[in-house]
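[1] Predicted coordinates and the sequence they were generated for:
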Amino acid sequence: SSSMSWESVAKTLLLIHRLLREGSSVFLKYMSYNIHILKVKTFGGTNNEMVRIQTDFCRVHAAYLEKKISIYRLVHHEYEKQPDAFRKMDVQALQLHLPNVLDQLGVLLDVRRHLHAVNNPITSQSVVLMLKDSTGLYNG
């Protein structure tokens, strides 16, 4: 069914997100060279409103993960795992890193426009992981 398609993609994104947060840095490095995996297309029939809403949410989650990975590839730093690193940086390093953090937070803020899609356990878990990431970013 068309709803299984978005569920499979949402679960895959959830798994990727968990591995980025809790897994080895080897996975993050792998994803930084295979970021195309996160390109999300339209699933099933877009005539079904629920499928369209969930597809849109999958795109937002994928965009967040893509931003997170592309920032890592650019500066080789995981902000969520080392939020206190900002306190140790000089002004020049902060000028390099802070725009990236703001970009990542900007993508997180885009999730607010899609909160109506959070009506099932899969999307709820996705939002929880993004909120956990944002806590690490804000603490920095």
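    Perfect, thanks for sending it. None of the values given here were measured: they were computed from a predicted structure.

[2] what about this structure, any weak spots by pLDDT?
    By pLDDT under 70, the weakly predicted segments of the chain are 1-4, 41-46, 83, 137, 139-140.

[3] distance of Leu109 from Lys11?
    For Leu109, the distance to Lys11 (C-beta to C-beta, to the nearest Å) stands at 24 Å. The C-beta positions use only the backbone N, C-alpha and C, and glycine is treated the same way.

[4] So for the two, which residue has more residues nearby?
    More neighbours surround Lys11 than the other of Leu109 and Lys11, with 13 against 9 (other C-beta atoms under 10 Å).

[5] hang on, the more buried one packs against Ile122?
    Yes - applying C-beta atoms under 8 Å, one finds Lys11 in contact with Ile122, separated by 6.1 Å.

[6] Any chance of the backbone angles for Val118?
    The phi and psi values for Val118, taken as degrees, to the nearest 10, are phi -80, psi 80.

[7] Pretty sure it sits against Met130.
    No - Val118 lies out of contact with Met130 (C-beta under 8 Å); the separation is 10.6 Å.

[8] and the longest helix for this structure?
    helix 49-75 (DSSP state H).

[9] And that one, what's buried?
    51-62, 64-72 (16 or more other C-beta atoms under 10 Å).

[10] and if you look at stretch 107-122?
    So for stretch 107-122, counting by 16+ other C-beta under 10 Å, buried means 107-108, 111, 114, 117-118, 122.
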